[in-house]
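# pasting the sequence and the predicted coordinates here, then a few questions.
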Amino acid sequence: LKITGLLVLEVFVFALIAHTSTAFFDQPVRQLFVGSVSMASLICMSASPLAVMGLVIRTECVEFMPFYLSLSTFLMSVSFAMYGLLLHDFFIYLLSFDVDFQFPNGIGVILGAMQLVLYAYYSRKWKSSEPSAPLLA
């Protein structure tokens with residue numbers, strides 16, 4: 001029931017953005033509006049693992065931080081940052097900090113690298129054979 005509610009909310013937000021962009025904006029402003037919304041959602045997606053990273057630091061346990069999710073976040077952010085660099089697309093890299101780090105994908109690269117470093121550091125310290133209870137039931 002919760003997943004269905006979240007799916008309905010997601011479809012509603014998508015429809016609202018699509019309707020707003022087509023009804024109220026012409027082509028250049030529409031591109032700016034949709035690009036800004038996409039950029040904000042990408043930054044939120046990249047920053048969402050911060051809560052789990054805080055839990056890993058507090059508990060010194062990597063049990064609740066999946067390695068493959070951290071790795072895929074890092075690799076996806078690197079690939080899109082490189083794509084934005086090659087394409088010179090404003091919404092993919094917006095502000096160039098350096099040749100290697102682009103914003104907002106640069107945030108994903110930095111956060112993904114931080115997750116991988118945390119996983120590497122705390123996985124050595126945490127040697128448990130039995131998983132503990134899940135955080136959410």
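All right, it came through fine.

# so where does the closest residue in space to Leu116 that isn't next to it in sequence fall, helix or strand?
Using CB to CB, 6 or more residues apart in numbering and skipping residues adjacent in sequence, the residue nearest Leu116 is Ser70, 5.6 Å away. Yep, even glycine has a C-beta here, placed from its N, CA and C like the rest. Assigned by DSSP states H and E, Ser70 belongs to helix 67-87.

# what about the longest helix in the protein?
The longest helix of the chain (DSSP state H) is helix 2-24.

# how about that helix, which residues are buried there?
Ser21 (16 or more other CB atoms under 10 Å).

# with just CA atoms, put that helix into PDB.
The C-alpha coordinates for helix 2-24 follow below in PDB (Å, rounded to 0.1, in the frame of the first residue of the first chain):
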ATOM      1  CA  LYS A   2       2.900   2.400   0.800                       C
ATOM      2  CA  ILE A   3       4.600   1.600  -2.500                       C
ATOM      3  CA  THR A   4       1.400   2.200  -4.400                       C
ATOM      4  CA  GLY A   5       0.900   5.500  -2.600                       C
ATOM      5  CA  LEU A   6       4.500   6.600  -3.500                       C
ATOM      6  CA  LEU A   7       4.100   5.500  -7.100                       C
ATOM      7  CA  VAL A   8       0.900   7.600  -7.300                       C
ATOM      8  CA  LEU A   9       2.700  10.500  -5.800                       C
ATOM      9  CA  GLU A  10       5.500  10.100  -8.300                       C
ATOM     10  CA  VAL A  11       3.200  10.000 -11.300                       C
ATOM     11  CA  PHE A  12       1.300  13.100  -9.900                       C
ATOM     12  CA  VAL A  13       4.500  15.100  -9.500                       C
ATOM     13  CA  PHE A  14       5.700  14.100 -13.000                       C
ATOM     14  CA  ALA A  15       2.300  15.100 -14.500                       C
ATOM     15  CA  LEU A  16       2.400  18.400 -12.700                       C
ATOM     16  CA  ILE A  17       5.900  19.200 -14.000                       C
ATOM     17  CA  ALA A  18       5.000  18.100 -17.500                       C
ATOM     18  CA  HIS A  19       1.800  20.200 -17.500                       C
ATOM     19  CA  THR A  20       3.400  23.200 -15.900                       C
ATOM     20  CA  SER A  21       6.300  23.200 -18.400                       C
ATOM     21  CA  THR A  22       4.100  22.900 -21.500                       C
ATOM     22  CA  ALA A  23       1.200  25.200 -20.300                       C
ATOM     23  CA  PHE A  24       3.200  28.100 -18.900                       C
END
